[in-house]
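Q: Only the shape, not the letters, is given here:
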């Protein structure tokens, strides 16, 4: 089972934002994800205030955590995000598997306009 330590290089200083999300999440019935802030939208400016960083840094950290697969976000109206946090307290079979990046682009139909 991977632990948060296994993601240390991918996460880096964004670990502070991850800790903030963990502090505001609660276990759920979902075996792989838990909802942060009871599903209320979280704005990057509020997260920045919580970790005492700039808004651009909080935005960059949120994207970094999402890219690492530690959080899942859903955009909400008004610029906020509903955030789900990966649970490390469940067995391997419950954790979502990270997909490998595509090695090639799929063939796409194109139209040339002259």
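A: Nice, I can see it. Quick caveat: nothing in here was measured; it's all calculated off a predicted structure. Numbers count the residues shown, from 1 in each chain.
Q: The spatially most central residue of the chain: what's it in contact with?
A: Nearest to the mean C-alpha position of the chain, by C-alpha atoms, centre = their mean, lies residue 71 at 2.3 Å. Contacts for residue 71 (C-beta atoms under 8 Å, 6 or more residues apart in numbering) come out as 18, 21, 36, 62, 65, 83, 84, 85, 86. All C-beta atoms are positioned from the backbone trio N, CA, C, and that covers glycine.
Q: Would you mind giving these as a markdown table with distance to residue 77, secondary structure and neighbour count added?
A: Output for the contacts of residue 71, formatted as a markdown table (distance: C-beta to C-beta, whole Å; DSSP: H, G, I helix; E, B strand; the rest coil; neighbours: other C-beta atoms under 10 Å):
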| residue | distance to residue 77 | secondary structure | neighbour count |
| --- | --- | --- | --- |
| 18 | 25 | helix | 22 |
| 21 | 21 | helix | 22 |
| 36 | 18 | strand | 23 |
| 62 | 17 | helix | 22 |
| 65 | 22 | helix | 24 |
| 83 | 15 | strand | 25 |
| 84 | 18 | strand | 20 |
| 85 | 22 | strand | 19 |
| 86 | 25 | strand | 21 |
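Q: okay, the residues you listed in TSV with pLDDT next?
A: Formatted as TSV, the contacts of residue 71 follow (pLDDT from 0 to 100):
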residue	pLDDT
18	93
21	94
36	93
62	95
65	94
83	94
84	93
85	91
86	89
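Q: Check those residues against residue 44 and report the nearest one.
A: Minimum distance to residue 44 across the contacts of residue 71 is 6.4 Å, recorded for residue 62 (C-beta to C-beta).
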